[in-house]
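**Q** This is a predicted model, with the sequence first.
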Amino acid sequence: MPSASWQSDEGLRYCPRCAGPLVAREIERRVRPRCERCGFIWYQDPKVAAGTLPVTADGRLVLVRRAIEPQRGTWTYPGGFMDRGETAPGAAVRETREECLLEVEPTGLLGVYSYATSITVVVVYAARVTGGTLTAGPECLEARAFGVDELPWGELAFSSTRDVLHDYLRGLGVAP
Ligand SMILES: [Zn+2]
């Protein structure tokens, strides 16, 4: 295929190794950005995020209302991107602490959520609240524990938010 300057709304335009221009090339049956100067290929791997669905002692589910884009103002479970060197449950617990100031203990894997239209793969655990005081962290407008019959279905942030709640409620035997 003819070469073309690599254009993308997210990520790199220049080689992270030598600062040469990235050019779109067909490599291993996919169009991938490659550096014309040094040959570096940018393999656009998915990003891995981790989160929890915290469950309070009286069975309510903790959601946070996002203060940042994307989907500012909508509700989701606490979660965020993993750093290298973290475990998935470790990152999920850390993100929960940062977003709603709760200490939680994962009780089981709810699911691994991936979508062809998203670069993110999310690993989500059900979790028991063990401490802290429910408070919105700096990336959240609000943090709240919802009864299963008062979940904000019309204001959910992501496909994974809906799917996480469905999977949890199905586990309880409650039809969403
Ligand atoms: Zn390069």
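**A** Ah, there it is.
**Q** Which residues of the chain lie near the ion?
**A** 15, 17-18, 20, 35, 37-38, 40 (CB under 5 Å from the ion). No exception for glycine: its C-beta is placed from N, CA and C like everyone else's.
**Q** secondary structure class for the spatially most central residue of the chain?
**A** The centroid of the chain falls nearest to residue 49 when counting by CA atoms, centre = their mean (4.2 Å). Recorded secondary structure, residue 49: strand (DSSP: H, G, I helix; E, B strand; the rest coil).
**Q** contacting residues for it?
**A** Taking CB atoms under 8 Å, 6 or more residues apart in numbering, we find residue 49 in contact with 79-82, 91, 120-123.
**Q** Now with 7 Å, please.
**A** 79-82, 120, 122 (CB atoms under 7 Å, 6 or more residues apart in numbering).
**Q** Tell me where this protein has strands.
**A** Applying DSSP state E to the chain gives strands spanning 4-5, 22-27, 30-35, 47-55, 61-66, 75-76, 79-81, 102-113, 120-132, 140-146.
**Q** shouldn't residue 127 be in contact with residue 51?
**A** No: assessed by CB atoms under 7 Å, residue 127 is found out of contact with residue 51, at 9.3 Å.
**Q** partner residues bridging the residue nearest to the centre of the chain?
**A** Per DSSP bridges, the residues bridged to residue 49 are residue 81, residue 122.
**Q** got it, and the one 4 residues further on?
**A** According to DSSP bridges, residue 126 are recorded as the beta-bridge partners of residue 53.
**Q** Going through the contacts of residue 49, which ones are buried?
**A** 79-80, 82, 122 (16 or more other CB atoms under 10 Å).
**Q** Go through the residues of the chain next to the ion and say which is closest to residue 26.
**A** The nearest member of these to residue 26, counting by CB to CB, is residue 35 at 15.4 Å.
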